[in-house]
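Trainee: mind looking at a prediction? Sequence and model below.
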Amino acid sequence: MAKTYVLDSFALLALLGKEPGSDFVADLLQQTQAGKIQTRMTWVNVGEVVYIVERRWGTGQVYQVLGTLEATKIDIIPVERSLALAAAHIKAAHPLAYANAFAAALAMAEEATLVTGDPEFKPLEKSLTIQWIKQ
């Protein structure tokens, strides 16, 4: 079975903005395209990326980002009851953004490595595997 990674919005935005850590995320996506690993995100985290892209770069860029995501082999996971409740439980116990709780919940459910540079996830280091990218 291929190793599984979960991207939060921080990781994808680092790639889109060519920020520190973008090379690592780009490599993950290349490995995903080659079928060597699996990469996933929730629709909540994609939505977070979309609103940030629209604010920073405008609506036109949103369509380009969505098209790029659809062209990749990233699995975008719908939010169903079990994932929503798991995210709510994480949010209740930890001071992190609600969208971040969805990325953490998916990583836990999939026994996957969460890819992020967001320090909000530090309190969860004992609960899940985190691949930290440069900030």
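Mentor: Nice, thanks for sending it over.
Trainee: endpoints of stretch 112-128, how far apart?
Mentor: End-to-end distance for stretch 112-128: 8 Å, by Cα to Cα, to the nearest Å.
Trainee: pick out the least confidently modelled helix or strand of the protein, by mean pLDDT.
Mentor: helix 59-71 (a mean of 89; mean pLDDT, DSSP states H and E).
Trainee: what packs against it?
Mentor: Secondary-structure packing of helix 59-71 (3 or more Cβ pairs under 8 Å, 6 or more residues apart in numbering; DSSP states H and E): helix 43-57. C-beta coordinates here come from the backbone N, C-alpha and C atoms, glycine included.
Trainee: give me that answer again for 10 Å
Mentor: Here helix 59-71 touches helix 9-16, helix 22-33, helix 43-57, going by 3 or more Cβ pairs under 10 Å, 6 or more residues apart in numbering; DSSP states H and E.
Trainee: residue most distant from the centroid, this protein?
Mentor: Computed with Cα atoms, centre = their mean, the residue of the chain farthest from its C-alpha average is residue 60, at 21.8 Å.
Trainee: distance of that one relative to residue 53?
Mentor: 10 Å (Cβ to Cβ, to the nearest Å).
Trainee: any idea how far stretch 16-23 is from the chain center?
Mentor: 14 Å (Cα atoms, centre = their mean, to the nearest Å).
Trainee: just stretch 97-117 next, same as before
Mentor: 7 Å.
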